[in-house]
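Visitor: no sequence for this one, just the structure:
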């Protein structure tokens, strides 16, 4: 009666009209907003976006929106407007409207919140329009051309123009364009690489394309770079985080001479799956649809004949949250308890929060507890009714799950909670029996054993030593409540004992080891082995396949750790469990390996050529550090280079050293590597950049030369001193010169580090007069030395005479031979360095010119047209230019060769001979007559063909028949070679087989039937 009164009191204020449950429905999203990237460069006049949001429910849901957690209030004058649940934003403002949006849908049942959707703006500015300095390298050296993309938002793609559009740089084993930085890498520079390079940047969102200023690439003339080992300049980060299901591309490229090859491999030895794509001459490793098994450490190997270099990086798998267990709509009685569990997969492991009616649920009351994905509410009341959402999130995203809670009253019901009929207990153990009837509000409980009522005061009952006793309980609903704990109950199997003693194991990186776990136990009980690493459960099959169960016996739970890494060091626990007892044992695993990277690299003091360094040791990984190695990097070096130190050998106990032989006025970064008996560890992080002090320059310009120019000029040229050898700011050149045999020097300062030319003009300078020249250097710290004295001639005059005895004759339809009488090689101050031969057709304005070098007296002009008249002149030239033209002669080229190829080519084999036949080629009226044929044959598609000439329409070739042959036939005449027949393939004929060949020409038609039969002699029937 007391219980009924309480229930009536609780229910009386709630008045709900009798409506069918199918009519009413809490809100459920059918469409949620998605993130939008808006291009700022859009030409649309009314720049607007629409976020979609739609929910179903009864009553029909209403909507509101939040921007960065703050409610949006659409007004008639606002640029926000609602259409149903959709939010329209007009007249977009980048500063005001960028952010995170959420839609809220609500009706009388409660409120739900959509996933987050972002609005971002993509843009790209122009390059700064300043001139870029030329990059000077030796032939055979590697070079990096920097792109330096402008300020932007949105993903970019990069390409490079060579000289002028649309000539783009093509990537191969020698050239690589990084899509991460935009830089262009040339592994080994060749003369054909000289020119202007322009970086082209495209924003993939706005489709905007901008070009940077051109960067000139010039060759130094002080020699060719020798061979050197690969220097990896493009390397992926130490850790790359990759989303589940996405495509990852990592880059690796090296400079070197010879050009290095690039290869990829996994450090765990697992071969690449077929989905992995190694592209762009192995410069890019692409893994589509990235999964957990693709995670691991990858190595890029750059190798040539001079050595090899490697770089490693870890691909780390991550996944946004994905719900695998969601709270479901539930109806609970008053005073009951609610437990909702929300589980999600993801990496990193997701965290959880709960919301009620669109607001974060705080544990302000003790009866409401939120722990990870678990929501528990005890003693439910009507105020708990509403819409709840579990939000699982990590740094890669959030997912939402909705559930509705209804609270009602319920009479006591035992049907869903029955006691177990039998319980087996370990001697000395405890047992707990629970009675949990369904009722609301909560009543009292009493216990009986047989007919004996257990006293309410006996909350803990000791029954003494009992053997093989099954205790049965019945229950009835009474007005008191307590829990019964029974001690010393029933059944004593043999205890489980681990026979493997505790131990500490010591291994080296890369080795494999077995961790034993063997037991004795009651044979009637089933064993379950569980292993923990640093108190975390080991999931076999994960962890990159390092852990493997190898215990073959029923009483053995041994595991093997393969290819041990440093991260596997720690405490391993084997737990053995039966349904009666459990026991565990632990073993400590010590892993020895190369040292970890040193830390805190500091440049304590720096001069013009030395730097004093200090560092702190990293972990020695259980093997003492024996030596440290110091490396340095500058903006001009090819990656990291070993440097000379004092002391020369840095011992493992030293934490300081002095680097010597540095270049003055250069920015350096330093890093330190530690080595022990096992190997060399990973390098430290680089030190902060430090610039060496200035000093006067020591290096003079290379390749000083000159000559040429205009009348009365002395032109002096040199190769600029590289920036890393200028030793200080304010760098420039001092040019000294004097007429050959004079005593005093004239000097001129050239205050530009990039200058490479000086011109002295004076009317008193005679043509082609010798001068002694030397070029020195200076900077802010003072003057440096002069280079060696060389002799340079002033500008000369053009040749004053024209060549004579000009002759021209047609060699074929496409070639003309021109000859002339040479001029004296050196007459006074007017030298002849060679001849210019120019030719043009009748009625053509511009002439084509080709030059010869030296005292050559003939040249062949190629690429002319057949049956055309050409006008030819010849001039002598020198550094001042071309001299007077010769008389003009004309020549008419021969008729073009036959345009029709040989037709109806037929072949046969007999006695190791290939017999070829074809139809006679007839020249057209405007073509030269056929005087013969060339038969071109080769053994494979890539070899150079052999040639046989004949003046008939058939030929016999004596060739071994155990090879495949490719044959073509060309007609020729005085106009040159004509069109070739289509290539025919003669297959390899096995030994002791005879080829039968049939050719049918029916009624002189153009239909041919060719039949081939390869028959052994034993099956040949005539």
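Guide: On my side now, so go ahead. Just so it is clear, the structure is predicted and the values come from calculations on it, not from any experiment. Numbers count the residues shown, from 1 in each chain.

Visitor: can you tell me which residue is nearest the centre of the protein?
Guide: For the chain, the residue nearest the mean C-alpha position is residue 250 (1.9 Å; C-alpha atoms, centre = their mean).

Visitor: quick one: terminal-to-terminal distance for stretch 104-123?
Guide: End-to-end span of stretch 104-123 (C-alpha to C-alpha, to the nearest Å): 31 Å.

Visitor: Run through who's touching stretch 671-685.
Guide: 508-509, 592-599, 601, 613, 615, 617-618, 620-621, 623-631, 633, 640, 652, 686-687 (C-beta atoms under 8 Å, 6 or more residues apart in numbering). C-beta: built from backbone N, CA, C; applies to glycine.

Visitor: Residue 688 contacts residue 604, correct?
Guide: No: if you go by C-beta atoms under 8 Å, residue 688 and residue 604 don't touch, sitting 12.0 Å apart.

Visitor: How many residues are close by the closest residue to residue 305 other than its chain neighbours?
Guide: Spatial nearest neighbour of residue 305, excluding adjacent residues (C-beta to C-beta, 6 or more residues apart in numbering): residue 258 at 5.9 Å. Neighbour count of residue 258, defined by other C-beta atoms under 10 Å: 14.

Visitor: Pretty sure residue 258 sits against residue 304.
Guide: Yes: checked against C-beta under 8 Å, the pair residue 258 and residue 304 is within contact range at 4.7 Å.

Visitor: which residues do the two both contact?
Guide: residue 227.

Visitor: Just to confirm, what's the three-state secondary structure of the spatially closest residue to residue 254 that is not a sequence neighbour?
Guide: Residue nearest to residue 254 in three dimensions, not counting chain neighbours: residue 302, with 3.4 Å by C-beta to C-beta, 6+ apart. Three-state assignment for residue 302 (DSSP: H, G, I helix; E, B strand; the rest coil): strand.

Visitor: who touches residue 302 in this structure?
Guide: 230, 232, 252, 253, 254, 256, 260, 261, 262, 308, 309, 310.

Visitor: which of those lies closest to residue 661?
Guide: Distance to residue 661 across the contacts of residue 302 (C-beta to C-beta) is lowest for residue 309, with 22.4 Å.

Visitor: Identify the bridge partners of the closest one.
Guide: residue 302 (DSSP bridges).

Visitor: For it, give its distance to residue 745.
Guide: According to C-beta to C-beta, to the nearest Å, residue 309 stands 49 Å off from residue 745.

Visitor: swap in residue 380?
Guide: From residue 380 over to residue 745 (counting by C-beta to C-beta), the distance is 104 Å.

Visitor: Looking at these two, which is more packed in?
Guide: Between residue 380 and residue 745, counted using other C-beta under 10 Å, the more crowded position is residue 380 (22 against 14).

Visitor: Give the helix, strand or coil label for residue 383.
Guide: Secondary structure state of residue 383, per three-state DSSP, is helix.

Visitor: neighbours around residue 615, how many?
Guide: When neighbours are counted by other C-beta under 10 Å, residue 615 registers 23.

Visitor: Residue 650 touches residue 626, doesn't it?
Guide: No: Residue 650 is not in contact with residue 626 according to C-beta under 8 Å; the separation is 10.1 Å.

Visitor: okay, the two: which has more neighbours?
Guide: Ranked by neighbour count (other C-beta under 10 Å), residue 650 and residue 626 place residue 650 first, with 20 against 16.

Visitor: what pLDDT does the more buried one get?
Guide: pLDDT recorded at residue 650 is 95.

Visitor: same check, this time on residue 393
Guide: pLDDT, read off for residue 393, is 91.

Visitor: how much space between the nearest residue to residue 67 once chain neighbours are set aside and residue 155?
Guide: Once flanking residues are discounted, residue 67 sits nearest to residue 99: 5.3 Å by C-beta to C-beta, 6+ apart. Distance check for residue 99 against residue 155: by C-beta to C-beta, it reads 20 Å.

Visitor: And for residue 131?
Guide: Going from residue 131 to residue 155 by C-beta to C-beta gives 29 Å.

Visitor: Neighbouring strands of the host helix or strand of residue 838 in the sheet, and parallel or not?
Guide: Assigned by DSSP states H and E, residue 838 belongs to strand 834-841. In the sheet, strand 834-841 lines up against strand 848-851 (antiparallel), strand 869-878 (antiparallel) (DSSP bridges).
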